[in-house]
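S.K.: Using only what follows, build the 3D model:
(chains A and B)
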2 protein chains.
Amino acid sequence: MAIKGNIIVGQSGGPTAVINSSLAGVIEAAKDAGVKKIYGMHNGIEGLLKEDIIDLNDHIKDAQDLALLRRTPSAFLGSCRYKLPVIEGNEEVYEKLFAILEKYNIQYLLYNGGNDSMDTVKMLSDYASLHNKPQKFMGIPKTIDNDLPMTDHCPGFGSAAKYIAASMKEIIRDNAVYGETRTNICIVEIMGRHAGWLTAAAALSKGPDCCGPDMIYLPEAPFDPEDFMKRVKELAKTKKSIVIAVSEGVKLADGRFVCELSGGSDKLDAFGHKQLSGVGTYLAQRITAETEFKARSIEFSTLQRCAAHLTSLTDADEAYGVGYLAAQKAFEGCTGMMVTIQVTSRKPYIVEYSQFDIHEIANVERKIPQKWIINDGTYVSDEFVKYARPLIIGELQPHFAGGVPVHITLE
Amino acid sequence: MAIKGNIIVGQSGGPTAVINSSLAGVIEAAKDAGVKKIYGMHNGIEGLLKEDIIDLNDHIKDAQDLALLRRTPSAFLGSCRYKLPVIEGNEEVYEKLFAILEKYNIQYLLYNGGNDSMDTVKMLSDYASLHNKPQKFMGIPKTIDNDLPMTDHCPGFGSAAKYIAASMKEIIRDNAVYGETRTNICIVEIMGRHAGWLTAAAALSKGPDCCGPDMIYLPEAPFDPEDFMKRVKELAKTKKSIVIAVSEGVKLADGRFVCELSGGSDKLDAFGHKQLSGVGTYLAQRITAETEFKARSIEFSTLQRCAAHLTSLTDADEAYGVGYLAAQKAFEGCTGMMVTIQVTSRKPYIVEYSQFDIHEIANVERKIPQKWIINDGTYVSDEFVKYARPLIIGELQPHFAGGVPVHITLE
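M.R.: Numbering: from 1, shown residues only, chains lettered A, B, ... in the order given. A predicted model of the protein is given here:
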C-alpha cells in the first residue's frame, strides 16, 4: 500500500479503560506504515472543528510511553459529545472540516467511539463520497455499554465487566460479614441506560468461592417494584445476606424509568437530561421502609469505566487490535467502515477482525437477547456467562509508583 | 515459652482488606509454637457466647490456603458488632464465656478489631484479673478508619488509602475528559464518621501525572456550605474539571452532620442509627441548583474496605505481623494489651512492633492533627502525605481465575 499523507485520530463519547490501547494501536500502525505525521484531535471532532490538533509524535515517543498510554484511563486526547449535523443545509461545517484536513494533508481519519461517534464516521464518509474527496474514514469501536451491532462485543466492555465482577465478589463477601446475626441487603446500581450488558456482568462473580448476586435486573425486562419487594422478602426467609444487581436503566411496564419514582432524577436535571441515578437508593429506601432489614445501595458510577487498575488484558489487546487494523484498512483504501470483532471459538477463545459498513452500525443499539434473560427477568443464563467470561480474562498490570498506578498526560 | 493450652481468635467490627492477613499471622504463630488446637470464633464474641466455634486446623491446611486467606476480603470467620456489658451486674455473661474457654482448654484469646473490639479485650482481661483466671487476652489492631491511639497507624488503613488514592487518580482523569468544553464537578464521598484519615488519603493521588483533588474536607474542621459554594464558583473560573473529596462525617459549626441538611439521613434510619450517606449527593445537588455546572457525586461505600484486589503489600505484611506478634506475646504471658506499630523511620520506612496497655486504647479515637489541616480546612499538608505514603506501597497481587480474584471460604 502507498501511504498518501498524514493520519488523524479522535476519541469520542464516554471513555473506557482501554480507549487509549486503541490509540496505541493506531500510533503503532501508522509508524509501521511509515506515516509521517500522526495527529490527534484534542477533544474529538469538536476540537478538530477549532483546529485544536495535537502532534502525537511529540507526546508518544517510545515503547515506554506506549506502555503507559495503554495503562492510562480516560481519553488521552480528550473526548467530546458533539454530533455532526445532517449534511444538507450544513455544508459549511463539512467544508470547514475538510479544509482543515487538507491544510494538514490528512488523508486518513480514524474515530474511536460508540453509537454517536460511528454516526460521525458515517457523515464524514458520506460527505467525502458525495463530493469526491479522497480521504478515508474508519470507525474504531469503543463502549463499556457493549451495544454496538455487527461486532461480537465492544472494546471497553471486558474491562468494565471485569471491574464489576471483581467488585461484586468483594461486595458479596463484605455484605455477608455479620453472618446469621442480621439481614443485610445491598443493592448495586450498574451503568447501562438501555442495554443490560454491564449489569449482567455481575453474574461473572459467581463461582466455587462466591454465590454471585441473588438477582440481576436489566433494562431489557420490565421491572415491577411490588414483585421486587415480594422476592426480597421471600429470599430473606432463607438467606441473611442478599446482594442484588440493578441496571440504572430499569423501566416500569409503562416505560418510565424506575428511578423516576424516587424523584431523585429531577434534582440533578440541570441540562434537561434525565439523570439516571437513584434506582439503587430508591429500592434500598423502600426495603428499609417496608421491612426490618438493613439495606444499603452502592453505585459504581464512573469507576466502572475508568478503573484502569483492573483492566482485562484480553480487552486491552483487542482494543489495540481494532485500532491497529482500522489504520491498516484505511491505508489500504477502506472507508466508511467500522472494524468489528468476530469470535470464531469461545473455548479456546479465538477472534478474527473484520470491518463492516458504517451505515449498518451507526445509531443502532444491540441489546441482550431475550432468551438469555431468565427467572422471570431476575437473572441471566449461563449462555451470557459463556459469552462474557473470555472477555475478562488476563490482567494488564499497572505500573505503580508511590503506591498508585502511573499514567501518561498530555502536558 | 511453655504453651499451656489452645488458642482462639476472633474478628470484630467492620472488615478490612487485610483482617485475614492478621488471622494468617495468628495461625502461623500458633503452628510455629506448637499449639494443638487453633480455634476461630464464628462471628466474633457473639458467636463465642453461643459456642459457635470453628476448628481452623480443618480449614487452613497449607501454604496455599494461607496465601488465599491473605487475599480474601471481609472477615473469614465472620464478624459482629457486639459489645460486652460492664462486668458488675453481668457476671453471668463472663462466667459463661470463661466456662466455654475452659471447656475447650483455651488459654489464649486474641481479638482483632477497632475501638469497640479493644473494649472487649479490656473487659475480658479485667474479669480474668479480678477472678484470678489464667487465660491471656491480646488485642490485634484493625480499622480502615485509622483512629486507634498508641499506634502509628492501623492495619487496614493502608489498603483502603491505596484504593482511595488509585481510584481518585482514575476519577480525576475521567472527570477531565471533556476538557474545556464543559465544567464538570465531581464530589467524592469517603468513609470516616469522626476521623478524616481516609478522606485525607485522597491527597495521595497527587503527583507528577495528577493534580490531585481540588479540595479535601475532613470531619476535624467545621464545614460551611456557603463558603464551600463560594470556593467552588471561584475554582470554576480557572478550571473546568473539579474533583472534591468530602468525608461522610463533615459537620457544621453547630455540630450537626452536613448530610442531615439533605434529609437523606432520615430515610434509611431504620435502626435508629444516623445513616451517614448523602453529603456528596447533597453538595452535588446544591451545585446543580445554584450554578450552570454539571455536578455528580461518587461514594466509595464499602468498596473502600473490601477492595482486596488493590491491597497494599506493606499493609498486608504489617497486618500479618501484628497478628503473629499478638499470639507470640500471649504465649509469653502478656495479657490486656494491644500490639502497636511504631515507625522508627519514614524514609527508608522502618517499623517496630510493641504492645500497649489496652486501658489506654479502648474507646479512645485518634484524629488528624489540626496542624496537618491547611487552606482554611480545605486541604491536608505534605506532612500527612509523608505520613501516609509508605503505608500504601507495594501490591499483594490477587490470584486470578476466570478473570476474577480467588477467595477462600469457610464452607
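S.K.: Every contact and neighbour count from this point should use C-alpha atoms.
M.R.: Will do.
S.K.: In contact with residue A:170, which residues?
M.R.: By C-alpha atoms under 8 Å, 6 or more residues apart in numbering or on different chains, the contact set of residue A:170 is B:73, B:74, B:303, B:306, B:307, B:308.
S.K.: Please convert the buried members of these into ChimeraX selection syntax.
M.R.: Buried members of the contacts of residue A:170, defined by 16 or more other C-alpha atoms under 10 Å in any protein chain shown, are picked up in ChimeraX with:
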select /B:73,74,303,306,307,308
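S.K.: Can you add distance to residue A:294 and pLDDT and give the contacts of residue A:170 back as CSV?
M.R.: Shown next, in CSV, are the contacts of residue A:170 (distance: C-alpha to C-alpha, whole Å; pLDDT from 0 to 100):
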residue, distance to residue A:294, pLDDT
B:73, 21, 95
B:74, 18, 95
B:303, 18, 95
B:306, 19, 95
B:307, 22, 95
B:308, 24, 96
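S.K.: Cross-check the contacts of residue A:170 against chain A and keep the overlap.
M.R.: B:73, B:74, B:303, B:306, B:307, B:308 (C-alpha under 8 Å from any C-alpha of the partner chain).
S.K.: quick one, phi/psi of the third one?
M.R.: Residue B:303 has phi and psi values of phi -50, psi -30 when expressed as degrees, to the nearest 10.
S.K.: distance of the spatially closest residue to it that is not a sequence neighbour from residue A:243?
M.R.: Closest residue to residue B:303 apart from its sequence neighbours, by C-alpha to C-alpha, 6 or more residues apart in numbering or on different chains: residue A:171 at 6.8 Å. Separation of residue A:171 from residue A:243 (C-alpha to C-alpha, to the nearest Å): 8 Å.
S.K.: and if you look at residue A:40?
M.R.: 43 Å.
S.K.: ok, now residue A:83?
M.R.: Counting by C-alpha to C-alpha, the separation of residue A:83 from residue A:243 is 39 Å.
S.K.: Those two: which has the busier surroundings?
M.R.: Neighbours per residue (other C-alpha atoms under 10 Å in any protein chain shown) separate residue A:83 from residue A:243, with residue A:243 holding more: 26 against 16.
S.K.: Using PDB, write out the CA atom coordinates for the helix or strand containing that one.
M.R.: Under the criterion of DSSP states H and E, residue A:243 resides in strand A:241-247. Only the C-alpha atoms of strand A:241-247 are listed here, as PDB (Å, rounded to 0.1, in the frame of the first residue of the first chain):
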ATOM      1  CA  SER A 241     -27.000 -11.700  53.100                       C
ATOM      2  CA  ILE A 242     -28.700 -10.600  49.900                       C
ATOM      3  CA  VAL A 243     -27.000  -8.700  47.100                       C
ATOM      4  CA  ILE A 244     -28.900  -7.500  44.000                       C
ATOM      5  CA  ALA A 245     -27.600  -6.000  40.800                       C
ATOM      6  CA  VAL A 246     -29.800  -3.400  39.200                       C
ATOM      7  CA  SER A 247     -29.300  -1.500  36.000                       C
END
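S.K.: That one packs against which elements?
M.R.: Here strand A:241-247 touches helix A:157-175, strand A:184-190, helix A:197-200, strand A:215-217, going by 3 or more C-alpha pairs under 8 Å, 6 or more residues apart in numbering or on different chains; DSSP states H and E.
S.K.: Adjacent strands (with direction) for it?
M.R.: Its sheet considered, strand A:241-247 pairs with strand A:184-190 (parallel), strand A:215-217 (parallel) by DSSP bridges.
S.K.: How far off centre is it?
M.R.: Relative to its chain's centre, strand A:241-247 lies at 22 Å (C-alpha atoms, centre = their mean, to the nearest Å).
S.K.: Ok, stretch A:329-348 next?
M.R.: From the chain centre to the centre of stretch A:329-348 is a distance of 18 Å (C-alpha atoms, centre = their mean).
S.K.: hey, C-alpha coordinates of it in CSV?
M.R.: C-alpha atoms of stretch A:329-348 as CSV (Å, rounded to 0.1, in the frame of the first residue of the first chain):
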residue,chain,number,x,y,z
LYS,A,329,-7.5,-0.8,6.5
ALA,A,330,-7.6,3.0,5.9
PHE,A,331,-4.1,2.8,4.4
GLU,A,332,-5.4,0.0,2.1
GLY,A,333,-8.2,2.3,0.9
CYS,A,334,-11.1,1.3,3.1
THR,A,335,-13.6,4.0,4.1
GLY,A,336,-17.0,4.3,5.8
MET,A,337,-16.5,1.2,7.8
MET,A,338,-16.0,0.1,11.4
VAL,A,339,-13.6,-2.6,12.4
THR,A,340,-15.5,-5.5,14.1
ILE,A,341,-14.6,-8.5,16.3
GLN,A,342,-15.8,-12.0,15.4
VAL,A,343,-15.3,-14.8,17.9
THR,A,344,-14.8,-18.0,15.9
SER,A,345,-14.4,-20.1,19.0
ARG,A,346,-15.2,-19.3,22.7
LYS,A,347,-13.3,-22.2,24.1
PRO,A,348,-10.5,-21.9,23.3
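S.K.: Since that was my last question, I'll sign off now.
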